[in-house]
Structure formats: C-alpha cells, structure tokens
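**Q** I'll drop the sequence and a predicted model, then ask my questions.
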Amino acid sequence: ETAVFQTPNYHVTQVGNEVSFNCKQTLGHDTMYWYKQDSKKLLKIMFSYNNKQLIVNETVPRRFSPQSSDKAHLNLRIKSVEPEDSAVYLCASSSGGAQDTQYFGPGTRLLVL
Amino acid sequence: GDSVTQTEGLVTLTKGLPVMLNCTYQTTYSPFLFWYVQHLNEAPKLLLKSSTDNKRTEHQGFYATLHKSSSSFHLQKSSVQLSDSALYFCALSSNYNVLYFGSGTKLTVEP
C-alpha cells in the first residue's frame, strides 16, 4: 500500500532546463528526505526536512533546491539540469528518529539529454 | 564520517541454498543498522533493522545480528527462493537520522 507519492514518474528534458518533482506522504510523519539513485544503483542522501525545516544538505550542487510547504509535502527543483543529474530521485519519510523506518516513494526517473 | 561497505556486488545462487550478504560500517555514533530490499523498478523497502548488540533480528526468513565489536551486520537466509532476487542495501542511520547506504548487492536466484 503506497503512502509516499511522487510525481511525475518519468521526465525527459534537455540540458539547461528547469525541472520540479513533487512528493507527498500520508503517514503523518514529521521528517522527509530526498535521495538520489544513480545509474549504478548507488543511493545517496541529498536533503532531509523536519516539519518544513531543512536539517541536512549533503553537499548538493546549488542548482538543487528543496521546498516544503508543510510537513506532508517536499518538492525538489533543479534549476539548470546537467547530464549527471540523470538518475532516479527517491522521496522518503519517517518519524525522524535514528531507528525509525524510512518509507520510500516509487521515485521519479529523470533523463537529461 | 559515517560509511557502509558491502563487498559483494553480485551474488548468484541456486534456489534452496543459503546466502550471506556482508555489511560492515564505520561510525563514531551509536549505530542503527538497516537492510533494505529493492525489487526491479520498485521502491526500497525495509527488510530488517537493529541497534542491539549481539541480538538476532529476523523477518521473512532473513536474519541478521549486529556485532559492534566487528562493526558488522551481515544478512543471511538459510534457503533462498526465486522471489528473493533483488537488490539488497545495508544502511546506517547517522547522527542526523539520514541513511547512509552501502553500494548494494544484487542477488539473483536461479531455478
């Protein structure tokens, strides 16, 4: 049963364009995350938000900017995409504790031509 | 900094055989370890987790024991099934409660 929703599923764009991805969770969690999964399937944390506040920014390029309107929503904007941004972007949520399970959305696959 | 190492990139086994996927970690904080499984074109899902030293945790036939003395959290199953074919990630929860993932092990189970 899906409780973390992401749109779009797939997006193709050209170098230099701006893209936005949306994430919504219905689990009532306070903390949300963006992870990037590259073509080699490596999973890396990008950002975490707790109740609309940025907690972790894991040395992500400035063209990436997360936005949170409330604790159930976390969006990701990429200002001017580059080829290395081609990846699957996974949104997750949790109660925020170190031992709390993180629940992942299905991901948004970005292809930059 | 925090890190996780998974030494096997690819593991191929015949159905019914046992498997062990290795995971070691480095952290200066109290460790919380997780195993996530990702089936093809699906989201990663929690398989099991632990923060208790030397206590075995089990789920869906898989089991793992956190050993703080050796900084390890290996995943095992006594008899793999075709449906176990997937990508398995070991992950460490950091001081800021984000997950640091290992590079993943692709498990393929053959008939």
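**A** That came in fine, so what should we check first?

**Q** and residue 74, what does it touch?
**A** Just going to use chain A. Going by CB atoms under 8 Å, 6 or more residues apart in numbering or on different chains, A:Leu74 touches A:23, A:32-34, A:49, A:66-68, A:91. From N, CA and C alone the C-beta is placed, and that goes for glycine too.

**Q** correction: the question concerned chain B.
**A** Per CB under 8 Å, 6+ apart, neighbours of B:His74: B:20-23, B:64-65.

**Q** number of residues surrounding B:Phe89?
**A** The number of residues packed around B:Phe89, counting by other CB atoms under 10 Å in any protein chain shown, is 27.

**Q** give me the beta-bridge partners of it?
**A** B:Tyr36 (DSSP bridges).

**Q** pLDDT wise, what is it at?
**A** If you check B:Phe89, the pLDDT there is 98.

**Q** tell me the most packed of the contacts of A:Leu74, by neighbour count.
**A** With neighbours defined as other CB under 10 Å, the most crowded of those is A:Met32; it has 30 neighbours.

**Q** what's next to stretch A:75-89, contact-wise?
**A** When contacts are taken as CB under 8 Å, 6+ apart, the neighbours of stretch A:75-89 outside the stretch itself are A:6, A:13-23, A:34-39, A:46-47, A:62-69, A:91, A:107-112.

**Q** any idea how far stretch B:1-11 is from the chain center?
**A** Its chain's average C-alpha position is 9 Å from that of stretch B:1-11, according to CA atoms, centre = their mean, to the nearest Å.
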